[in-house]
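A.B. asks: Coordinates for the following, if possible.
(one chain, ligands or ions: 2)
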Amino acid sequence: MRVAISNLKGGVGKTTTAVYLSQHLSGTGRTLLVDLDPQASCLDWGNAATRAGEPLGAELVALAPQGADTFRAVLRPIDSLAAGYDHVVIDTPPGDRLMVAAAMSAADIVVIPTRPSKLEVARVGATAELAESAGRPIAVLMTSRAGAKALGLARQALQTCGYPVVPEVIPLREAISTSYGHRPDARYIGIFGQVARVLDLALAA
Ligand SMILES: Nc1ncnc2c1ncn2[C@@H]1O[C@H](COP(=O)(O)OP(=O)(O)OP(=O)(O)O)[C@@H](O)[C@H]1O
Ligand SMILES: [Mg+2]
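C.D. replies: Numbering: from 1, shown residues only. Ligands and ions are numbered 1, 2, ... in the order given. As a prediction, the model looks like this:
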């Protein structure tokens, strides 16, 4: 599968999702992790993991196109690189609509990570609309330490907007935040396997 991890809002767990999901997928086939964020967090994570003797399962490439031709400068290399891989996961920067739109066009499906707070749920719409313009299905993925009530309300609000929500919720765990620069924590790979199954089902529908 080719999946873009996008949310125009920053700090919602895009990079963490991209690294963990690509780690799961790399166990099922050759996987490319594309870092489109000028902050290069994926690339830094992968390089640090390699230095620590714990290389990521996915191969990593960073693209940093600039200027008016961003759209084609993103789409073309991803399209040609993707041919050699079973799976491509694209981490996108916050805020950059052109870059995010290009990543979405290069993908089959868009995962939109969000926290279940009212503020963040309200911000999902802008990214969902961009995916709709690109003609790509979405799956909203909640990352949370919240209780059942807050999660239920967030899920309801998202579903009322017509957005498909992944049933699994990624727990907020210190072990996940401290795995930056290391191989993803094996205890949390399984849940990203469940996310991948949801994406497969959505793509098959
Ligand atoms: N499941 C989790 N458990 C604990 N911490 C998490 C989890 N997911 C993300 N974080 C932490 O939240 C912060 C933001 O996560 P991340 O960098 O993945 O978000 P992002 O959307 O890629 O941010 P940006 O928009 O700046 O690229 C990081 O410090 C990360 O370690
Ligand atoms: Mg990021």
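
A.B. asks: Ligand 2 contacts on the chain?
C.D. replies: For the chain, the residues in contact with ligand 2 (Cβ under 5 Å from the ion) are 14-15, 41. Where C-beta positions appear, they are placed from N, C-alpha and C, glycine not excepted.

A.B. asks: what about 6 Å?
C.D. replies: Applying Cβ under 6 Å from the ion, we find that the chain lies next to ligand 2 at 14-15, 37, 41, 91.

A.B. asks: ranges for the helices of this protein?
C.D. replies: Ranges of helices within the chain are 14-26, 41-51, 70-82, 97-106, 118-134, 148-160, 174-177, 189-204, based on DSSP state H.

A.B. asks: Kindly report which one of those carries the lowest mean pLDDT.
C.D. replies: Lowest mean pLDDT within the helices of the chain: helix 70-82, at a mean of 84.

A.B. asks: which ones are touching the residue in the chain that ligand 2 sits nearest to?
C.D. replies: Nearest residue of the chain to ligand 2, counting by Cβ to the ion: T15, 3.3 Å away. With contacts defined as Cβ atoms under 8 Å, 6 or more residues apart in numbering, the neighbours of T15 are 5, 37, 41-42, 45, 91.

A.B. asks: right, and I191 touches R173 too?
C.D. replies: No. With contact defined as Cβ atoms under 8 Å, I191 does not count as touching R173 (10.4 Å).

A.B. asks: The two: which has the busier surroundings?
C.D. replies: Ranked by neighbour count (other Cβ atoms under 10 Å), I191 and R173 place I191 first, with 17 against 14.

A.B. asks: Identify the residue nearest the more buried one in space, chain neighbours excluded?
C.D. replies: Excluding its sequence neighbours, the residue lying closest to I191 (Cβ to Cβ, 6 or more residues apart in numbering) is E168, at 5.5 Å.

A.B. asks: what about the one you found, how many neighbours?
C.D. replies: So E168, with other Cβ under 10 Å, has 16 neighbours.

A.B. asks: Do I have it right that it meets V198?
C.D. replies: Yes. In this structure, E168 is within contact of V198 by Cβ under 8 Å, at 7.3 Å.

A.B. asks: So what touches stretch 59-72?
C.D. replies: Under Cβ under 8 Å, 6+ apart, the answer for stretch 59-72 is 30-36, 38, 40, 42-43, 46, 73-74, 77-78, 81, 85, 98-99, 101-102, 105.
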